[in-house]
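In: take this sequence and fold it.
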Amino acid sequence: MLAEIAAVDEQGRPWIRRERGGESVPAASTVAVRPEDLGRRATVLFDGATPIVTGIVRFEATPAEDDRSGLLIRDDGGELSLVATRAITLRCGPASLTLSPDGTVRIKGTNVATTASGQNRIRGASVKIN
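Out: Below you'll find the model as predicted:
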């Protein structure tokens, strides 16, 4: 069967998810599963109730039928990357940060503060304040 690599814990053990949005469970593995494999599909066999990851799907000819989210989450050696086709928004209460595919970055909040131990630069073709 195929499952999604949902996580890799501190011991390097993969956690798999049988269906998108489902519960993740720990699995044994016969192959190396790395943090950059998060979100990838894996081949899985079962030894009784214990799932065993036997391979990682590296290249797929077409996206999975149910994979229409347009979102890729990847941990590349300690750097977390979120890649989306339409936009990424982080929201907490009235505060938000939105990244758009045209390069627009919108920061909204009741109060916005920046702090720098070095130089704090604002650069652009034009800078409009108020």
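In: output the lowest mean pLDDT helix or strand found in the chain.
Out: Using mean pLDDT, DSSP states H and E, strand 71-76 stands out as the lowest-scoring helix or strand of the chain, at a mean of 63.
In: helices or strands up against whatever helix or strand comes next after that strand?
Out: The first helix or strand that comes after strand 71-76 along the chain, using DSSP states H and E, is strand 79-84. Here strand 79-84 touches strand 71-76, going by 3 or more Cβ pairs under 8 Å, 6 or more residues apart in numbering; DSSP states H and E. Bear in mind the C-beta positions are built from the backbone N, C-alpha and C, glycine included.
In: give me the pLDDT for residue 63.
Out: Residue 63 is assigned a predicted lDDT (pLDDT) of 47.
In: helices along this structure, start to end?
Out: Taking DSSP state H, the chain contains no helices at all.
In: residue boundaries of the strands in the protein?
Out: In the chain, the strands defined using DSSP state E lie at 2-8, 14-17, 24-26, 28-29, 41-47, 50-56, 71-76, 79-84, 88-92, 95-99, 105-108.
In: mean pLDDT lowest for which of those?
Out: Lowest mean pLDDT within the strands of the chain: strand 71-76, at a mean of 63.
In: touching, residue 52 and residue 46? I think so.
Out: Yes - Residue 52 lies in contact with residue 46 (Cβ atoms under 8 Å); the separation is 7.0 Å.
In: settle it for me: which of those two has more neighbours?
Out: For residue 52 versus residue 46, neighbours defined as other Cβ atoms under 10 Å are more numerous around residue 52 (17 against 10).
In: what sits opposite that one in the beta ladder?
Out: In this entry, residue 52 is beta-bridged to residue 28, residue 45, by DSSP bridges.
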